[in-house]
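> Just the structure for this:
(2 chains)
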Amino acid sequence: MTPDFPILTLLVFLPLLGSLLVFACWRSDTLVRWVALAVSLVELALCAWPLAVSDRVAFPGAPAGFFLFEDATWIERFGIRYTLGMDGISLVMVLLTAFITVIAVLVSWEGIKERVPLFFALLLAMQSGIQGVFLSLDLFLFYLFWEAMLIPMLFLIGIWGHGRRVYSAVKFFLYTFLGSLLMLVAIITLYLMHGSQTGNYTFSLHGMLNTSVPLGIGVWLYAAFLLSFAIKFPLFPLHTWLPDAHTDAPTAGSVILASLLLKTGAYGLIRFAYPLFPEAAHAMTPVLYVAAVFGISYGAWVAFAQEDMKRLVAYSSVSHMGFVALGIAAWSPVALSGALMQMVNHGITTGALFAMVGMLDERTQSREIITYGGIWGKVPVLSFFFLMFCMASAGLPGLNNFIGEFLVLVGTFRVSPAAALGAFLGIVLTLVYTVRLVQEVLFGKENKPLELKDLSLREAGVLAVLGLSAVYLGVHPGPVLELLKAPIELLTTVK
Amino acid sequence: MQTYLTLMLLFPLAGGLTCALAGRKLPRQAVEILACAAVWGSFVCAALAAASYAAPQTVTLGGWFSSFDLLIPISLYLDPLSLSLAVMIGFVCGLIHVYAVFYMRKEGDYARFFALLNIFVFAMLTLVLAESLPLLYLGWEGVGFCSYLLIGFWYTDKNNADAGRKAFITTRIGDTALVIALAWMFQLFGTLSITQLNGMGFLMPGSIVTAIGILFLIAAMGKSAQVPLMVWLPDAMAGPTPVSAMIHAATMVTAGVYLLSRMYPLIGSSATAMATIAVTGGVTAFYGATCALAQRDLKRVLAFSTISQIGYMMLGVGAGAVTAATFHLLVHAFFKALLFLGAGCVITAMHHEQDIFKMGGLRKTLPLTFWCYLAGAACLAGLPLTGGFFSKDSILVALWHKGGTLYQSLYALALLTALITAYYSFRMVYLVFGGSDGHKHVHVELKFMQLVLIPLAILGLFGGVLNLPSYIGEGFLTRFFAGLAGGAAVEGTHTEELALQAVAATIALAGLLAAYVRYGKGRSQRLLEAKAYPTAMAAFLLNGWYFDRLYQAVLIRPYQALSGVLWQKVDEGVIDDSLDRLAGGLGFSGSWLGRWSTGRVSIYIVSFAAGGALMLGYLAWLAL
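Presented below is the predicted three-dimensional model:
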């Protein structure tokens, strides 16, 4: 284990290589699936490397907190560097990405029957993009990955989706693309300002950190970042692309969208927007508070009205991600670690719920709640998991989501009791829609006689792994919180 | 001690998880034995812990989670309060498990049932033993979750599932107040350890202590079914009867009282908070008793009586008499579990008929049940020398001694409620067991079920010895609780105490007499009346003062209606539409979306791949 080994590069580009390998096996769909699974598993195994780094203090020559670091000149003319770095936050997100991708491959095993090689290639390519986002420390590189990860998703929805899939795919793409264009403008402005101030034209995050930006301009630049990230989050009222995209995406698309792509928005806010524009971020905190608090209750309320399970879970994401935004807005150590925990937990729980809706959909070709009812007796194992993830989602202590929400609420209350008080309403409203979902799917009488099979071994395995993670993170989240501690300390003291 | 405590929690947890994960593969008897053994094992540990108990102590089993200065350990606190509750929970739940084995013999899904029952015991013990408030909250939510699923155990009937949902959501409203209190206390004190918080009340101005006390009270209102959050408990009777006995009578519903007693050292210094608690308790006690007067469903009579009796406990806490409240909590657990289990026997014998006006004569068919049930009813009514008499009386005495207009009016209200209680208790007994029209045959299961009633009847009848009045001798609980805040014995002369007890005894006997006249002698008349349309007053009481209708109209319907409006009018109508228009205005949406959605997807792939390749090529060229 030499420190020179480019493990981060490998983490980012292994999936992309994997997607080429998948193409090479295009003759056999079965082989394609196994290759994709193998690649995603190798990626997951590779995460053991950074986990095994015992001394997570700093890498020689790296900014504080980054214990793995790769830096090379790339486009010298513009001061663009190929800089990857990993601190505790990145590690947690990279791990989540690797884990969820394995799940995404497995849930697509039988559901995807057309253009199988293309599907898995895109899935893996997207993973590369996401890992890149979580590891880049150069804004240009970050932007590149940020855009790159969108394209596979566009096609996943557009080709393998349901319903108005092309409309949803394009809507998804345009929303996020518009937002990121503004961010690009902001990046370039900041780049020029920094360059003219110091004579050193660089896109490096840590190089640009100490740019002195007048608050008047900083607010606009921050707003551009915030807009881009808020769309991805998605924060109220920029969320309306999400229900459409989720509803029409294939199962794996929904899983990745909810578990990973939404997290990139929050990650960007934490990694880039806040450190780059601390004053502007501080000045605009009320905006974030309002959007977060409002989104929590609003998402929960609208989720209650949904007839389509996927749409319900999609709106629940708006509500859950509101807690993440709340924790970021509070920017206190406890709240921020809560926000990051909530990102991980939402990834697991909501990913699992989307996977389960997909499993039901594969059985009955319906995602309408009204189709189901009283299925507990028929499919007890499936129902057990469904209930479990619903309860996790409702923040039942002992399961994962509780930890994040609790930390966010307690941490935020300290800084802004008013904002926290608004969010408490979410605790009740979340339960209201969750219990409705459980009730109308699992309990009651059968609305239609359904031919349902209980979980296959593969499905049970996927859910068991997700379920164990939910329990583990609910009972013993210490190791993850420990990883987050040092970087959060650095982030919150800078301000 | 650590071993006892760990095992006390571990047994039911392990039992529950085994039943949940492997129960469907195990034979029925294995599951039954496992579930019962787990709870009895837990009880043995509680008893051993009690035997070796010397002084209050905190036992830390490990860490749960921590973030910077927020440290949440898995730590348990053993003191007279938690210990006496843990022993009671182990014992009563153990008995009810045995009863449930026979009661549920004919039902499927035994694994789910016993898994939840066991996990409930685990959560309840966690709630009681927790030293850190988040851990208490874990138990608090855990019991709520088990209660939710057990109320809706027969889920194919929509009403049962709805009742479970109602219970879960209503109590969640109270739980939210608890989380707010937690967040606030962490902001104020920087800790969530119960023992530390209880020593820190003096640091804060009275108004904040009052506010925190009221937040705890709201939490207790949810779980302990106090006005105005009591609407879920009567509906919770949709669950199997052992569940009603265990969760909705003996243990979970008293969690609110326990919480307030636990936090008494902190919140007790606020007279306003205490007065609010007392008023809530007094009003609820009266409310529950009046509603019980008009109920026809045997289990609903008991449910409303539970609401009412917990009101008494809250009165006790509000009067600053934690010992009296806990005394009543313990004795109530015995006699109310007894009444529910007795009701279970009755309902089984009646082939699931629950209307007390359609029963009768069971004194001859089920003599054992009758005698035990009678003991329970006597306790509930507070007939002299029963356990219920002493425990209820200790609350009345505390109210009397607290003095002041408020507490003396509450004393009067509590006495009036006691009269009503005695009346409805024996109304129930006369209707169910009186008359001569009984000819039901007895199942084998029923014989075993009845046996469980005996120990509970003994405990209920003689529960008074737990805390004898001071003119007879020093009460055990008073001595045991002496070190606790709010545990001090009420000062008063023996004559005064005797006089107060004489009043209470007279009231109870008057209620009994009235019930005898109306439902014993006048039985046939009442049965005729029952066939007629109920009077407005009867309907008002039967429907729990129409609280359900009020909430339906004011909260539930508007919420449902608005959620639809928010979705279709606001979310898709205003927000989405305006953003689409915005995009359209920028020249994207209209033409672009239109063209894209008609085109072939493969064209986009090719064009995107080409674009991407060009861009990457350019970058690579720059790099070289």
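
> And the strands in the stretch 301-450 of chain B, which stretches?
All residues of the stretch 301-450 of chain B lie outside strands when identified by DSSP state E, counting those that start in this stretch.

> how about the residues of it that lie near chain A?
Nowhere does the stretch 301-450 of chain B come near chain A, counting by C-beta under 8 Å from any C-beta of the partner chain. Where you see a C-beta, it was placed from the backbone N, CA and C, and this is true even at glycine.

> Please state the offset of the host helix or strand of A:M321 from the chain centre?
Assigned by DSSP states H and E, A:M321 falls within helix A:309-330. Relative to the mean C-alpha coordinate of its chain, helix A:309-330 is positioned 11 Å out (C-alpha atoms, centre = their mean, to the nearest Å).

> do the same with stretch B:328-344
13 Å.

> list the buried ones in it?
B:328-344 (16 or more other C-beta atoms under 10 Å in any protein chain shown).

> Check stretch A:212-223 too.
Neighbour-count burial for stretch A:212-223, counted by 16+ other C-beta under 10 Å, picks out A:213, A:218-223.

> one step back: among the buried residues of stretch B:328-344, which lie within helices?
Counted as lying in helices by DSSP state H, out of the buried residues of stretch B:328-344, are B:328-344.

> So what are the structural domains in chain B, by residue number?
B:1-269, B:281-542, B:545-586, B:594-624 (automatic domain parsing).

> Kindly reformat the ones you listed as a markdown table containing mean pLDDT.
Below are those laid out as a markdown table (pLDDT from 0 to 100):
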| stretch | mean pLDDT |
| --- | --- |
| domain B:1-269 | 91 |
| domain B:281-542 | 86 |
| domain B:545-586 | 79 |
| domain B:594-624 | 53 |
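
> Would you enumerate the residues in contact with the residue of the stretch 401-550 of chain B found nearest chain A?
Residue of the stretch 401-550 of chain B nearest chain A, by C-beta to the nearest C-beta: B:D548 (17.0 Å). B:D548 sits next to B:V231 when contact means C-beta atoms under 8 Å, 6 or more residues apart in numbering or on different chains.

> For it, identify the helix or strand it belongs to.
Using DSSP H and E, B:D548 falls in helix B:547-551.

> quick one, longest helix in the chain?
You didn't pick a chain, so chain A it is. Chain A, longest helix under DSSP H: helix A:165-198.

> Not quite, go with chain B.
Ordering each helix of chain B by length in residues (DSSP H) puts helix B:158-189 first.

> which parts of that helix are buried?
Buried, per 16+ other C-beta under 10 Å, within helix B:158-189: B:158, B:160-189.

> next helix or strand past it?
Sequence-wise, the next helix or strand downstream of helix B:158-189 (DSSP H and E) is helix B:194-198.

> is that following helix up against chain A anywhere?
No - residues of helix B:194-198 contacting chain A under C-beta under 8 Å from any C-beta: none, with a closest distance of 14.2 Å.

> now do stretch B:562-582
Yes - using C-beta under 8 Å from any C-beta, stretch B:562-582 reaches chain A at B:562-564, B:566-568, B:571-572, B:575-576, B:579.

> Which helix or strand contains the nearest residue to A:V133 once chain neighbours are set aside?
The shortest distance from A:V133 to any non-neighbouring residue, by C-beta to C-beta, 6 or more residues apart in numbering or on different chains, is to A:F145 (4.6 Å). Following DSSP H and E, one finds A:F145 within helix A:139-148.

> What residues sit buried inside stretch A:102-121?
Under 16+ other C-beta under 10 Å, the buried positions of stretch A:102-121 are A:102-109, A:112, A:115-121.

> picking up where we left off before, and the very next helix or strand once past the helix holding B:D548, what does it pack onto?
Using DSSP H and E, the helix or strand that follows helix B:547-551 towards the C-terminus is helix B:557-565. Using 3 or more C-beta pairs under 8 Å, 6 or more residues apart in numbering or on different chains; DSSP states H and E as the contact test, the elements touching helix B:557-565 are helix A:285-305.

> any chance you could read off phi and psi for B:P27?
Dihedral pair for B:P27: phi -70, psi 160, per degrees, to the nearest 10.

> and it, what does it touch?
Listed by C-beta under 8 Å, 6+ apart, B:P27 has no contact partners.

> circling back: so which of the domains of chain B gets nearest A:G404?
Ranking the domains of chain B by proximity to A:G404 (C-beta to C-beta) places domain B:1-269 first, at 10.1 Å.

> and the closest one, how far apart are its ends?
Domain B:1-269 has an end-to-end distance of 32 Å (criterion: C-alpha to C-alpha, to the nearest Å).

> Wait, the residue nearest to A:V133 touches A:S136, no?
Yes - contact criterion C-beta atoms under 8 Å: A:F145 and A:S136 qualify, at 5.8 Å.

> who has more neighbours, these two?
A:S136 (26 against 21; other C-beta atoms under 10 Å in any protein chain shown).

> What residues does the closest residue to that one other than its chain neighbours make contact with?
Distance criterion C-beta to C-beta, 6+ apart; nearest residue to A:S136, sequence neighbours excluded, is A:F142 at 3.9 Å. For A:F142, the contacting residues are A:132-133, A:136, A:205, A:268, A:272, by C-beta under 8 Å, 6+ apart.

> Reformat those as CSV; add pLDDT and distance to B:Q2.
Shown next, in CSV, are the contacts of A:F142 (pLDDT from 0 to 100; distance: C-beta to C-beta, whole Å):
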residue, pLDDT, distance to B:Q2
A:G132, 95, 49
A:V133, 95, 47
A:S136, 94, 49
A:L205, 87, 49
A:G268, 94, 47
A:F272, 92, 48
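
> what separates the residue nearest to the spatial centre of chain B from B:L579, distance-wise?
Of all residues in chain B, the one closest to the mean position by C-alpha atoms, centre = their mean is B:V253, 1.8 Å from it. B:V253 sits 49 Å away from B:L579 when distances are taken as C-beta to C-beta, to the nearest Å.

> Any idea how many residues pack against B:A510?
For B:A510, using other C-beta under 10 Å, the count is 14.

> my read: it touches B:I420, true?
No - counting by C-beta under 8 Å, B:A510 does not reach B:I420; the two are 10.8 Å apart.

> wait, A:I328 sits on A:I270?
Yes - A:I328 lies in contact with A:I270 (C-beta under 8 Å); the separation is 6.2 Å.

> Give the residues shared as contacts by these two.
Common contacts of A:I328 and A:I270 (C-beta under 8 Å, 6+ apart): A:336, A:339.

> Neighbour count for these two, which is higher?
Set A:I328 next to A:I270 and count neighbours by other C-beta under 10 Å: A:I328 wins out with 27 against 23.

> Since that was my last question, I'll sign off now.
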